[in-house]
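> Fold the following, please.
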Amino acid sequence: MFRTEEKAAGICVFTLDEMRLTASAAPGLKTALTNEIEAGRSRLVLDLGKVSFIDSTGLGALVGLLKRVGMRGELVVCGVQPAVEQMFRLTRMDRVFRIFRTADEAVAQLERA
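Residues are numbered from 1 along each chain as shown. Reported below is the predicted structural model:
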């Protein structure tokens, strides 16, 4: 489902290997990342570069993860493809999530914070 890469300053990059973040994939992603958050990881970058479609269930999973991280850390997304970006804009999730072009850009920003 995803690959994890530890970066400096306790930042973890999770690269989603699914092309669609829908009702079939969202629960697994939410469970896996919730486990990571509960294990103490709280500065997270979710690379959606391979995701070409996201539905309301996928967005709901991301919002749930954002709430789980809460004030103790941050969850940002990167690599958003045009169709996914459009869904973020339509649902105003682009105002909720910080979105970066690349994982390296996201990591650099989180390191500065």
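> after the least confident helix or strand in the chain by mean pLDDT comes which helix or strand?
Counting by mean pLDDT, DSSP states H and E, the weakest-scoring helix or strand in the chain turns out to be strand 2-6, with a mean of 81. Using DSSP states H and E, the helix or strand that directly follows strand 2-6 along the chain is strand 11-16.
> tell me the angle of the least confident helix or strand of the chain relative to strand 11-16?
Using axes from the mean of the first three to the mean of the last three C-alpha atoms, to 10 degrees, the inter-axis angle of strand 2-6 relative to strand 11-16 is 160 degrees.
> Which residue lies nearest the spatial centre of this protein?
Centroid-nearest residue in the chain: residue 46, 3.1 Å away (criterion: C-alpha atoms, centre = their mean).
> so residue 53 touches residue 21, yeah?
Yes: with contacts counted by C-beta atoms under 8 Å, residue 53 reaches residue 21, the gap being 7.2 Å. Quick note: C-beta positions are derived from backbone N, CA and C, even for glycine.
> Identify the contacts common to those two.
Common contacts of residue 53 and residue 21 (C-beta atoms under 8 Å, 6 or more residues apart in numbering): residue 84.
> what about the two, which has more around it?
The neighbour comparison of residue 53 against residue 21 (other C-beta atoms under 10 Å) goes to residue 21, with 25 against 14.
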